[in-house]
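In: Give me a 3D structure for the following:
(3 chains)
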Amino acid sequence: MKSKKVNQIKKIYKKLYMFYGPQGWWPLMDCKNKGSNPTKKGSFMGYHPNNYDLPKTREQVYEVIVGTILTQNTSWTSAEKALLNLNELGAIKPEKLLKLDDDTLKKAIKPAGFMNQKAIYLREISRFFIDLKGKFPKRDELMAVRGVGNETADSILLYAYKQPKFVIDTYTKRIFAHLKLVDENIGYMELKELFESNLPGDVAVYQEYHALIVEHAKRYYRRKPYGVDDPLKNL
DNA sequence: AACCAGGACGTGA
DNA sequence: TCACGTCATGGT
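Out: The predicted model follows:
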């Protein structure tokens, strides 16, 4: 599936990295670089640019997973509030989260929206996580968990387990369709494979690229008309 | 005051 | 398979 778009995909990555630098995803509540990224205004959680060893502990892996659920169709600043509420309850551990009664759980995650759905999703993924017993999940296993779709599965694999899975989100499709590099009706898996086949299978690159796309989209593709003054048009 | 947010799921054609 | 409505809260 390689084509002349190969150059574009790599070229755009280099451009974005030049523009914004390393993004340090996935943010964690407690890490040594906490609060060190001034470009992430409104967020006080720990992005960790140039550190690709995180998450390290079992709890940090779980924290990333919880975050992927909470941020579904929700801004990170909102998801973050929910995450901190859970932390106050000592519930950034699957066993603890499962012990919360329904009202407590929903109240904690309320700022992230969709509290009824996400309460169920969090319980489901928590049981799944415990049953893993420290092993790595496979993509199809994750997809079988209620509340885990394509993007969440790839986010968990890439950011929690450091697997080379490219994460596609609405921004990705929006930007690349607007630049006329892909059809606007391209499917998730098709677009994902386009990126994966045209990039080296480097986890750090995958992590940065997706984060850079989100950062770029927030500046130029948040609202219609999309892509006004997008510097990527000057290749 | 609409519109959007680091989506997933259920439904009906 | 696929388009479409639904889910909830918070920020711009």
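
In: And for whichever residue of chain A sits closest to DNA strand C, the neighbour number?
Out: Distances from chain A to DNA strand C, computed as Cβ to the nearest atom of the strand, single out residue A:113 as the nearest residue at 2.5 Å. All C-beta atoms are positioned from the backbone trio N, CA, C, and that covers glycine. Taking other Cβ atoms under 10 Å as the criterion, the count of residues near residue A:113 is 16.

In: backbone phi and psi for it, please?
Out: Residue A:113 adopts backbone torsions of phi 80, psi 170, taken as degrees, to the nearest 10.

In: Give me the distance between it and residue A:167.
Out: Distance from residue A:113 to residue A:167, counting by Cβ to Cβ, to the nearest Å: 21 Å.

In: ok, the residue of chain A closest to DNA strand C - contacts?
Out: A:73, A:74, A:78 (Cβ atoms under 8 Å, 6 or more residues apart in numbering).

In: so which of those comes closest to DNA strand B?
Out: residue A:73 (3.7 Å).

In: Tell me the residues of chain A that contact DNA strand B?
Out: For chain A, the residues in contact with DNA strand B under the definition Cβ under 7 Å from any atom of the strand are A:25-27, A:43, A:67-68, A:71-78, A:113-114, A:117, A:145-153, A:155, A:159, A:169-171, A:211, A:214, A:217-218, A:221-224.

In: Going through the residues you listed, which ones are buried?
Out: Those of these that meet the buried threshold are A:25-27, A:67-68, A:71-72, A:74, A:76-78, A:113-114, A:145, A:147-148, A:150-153, A:155, A:159, A:169, A:171, A:211, A:214, A:217, A:221, by 16 or more other Cβ atoms under 10 Å.
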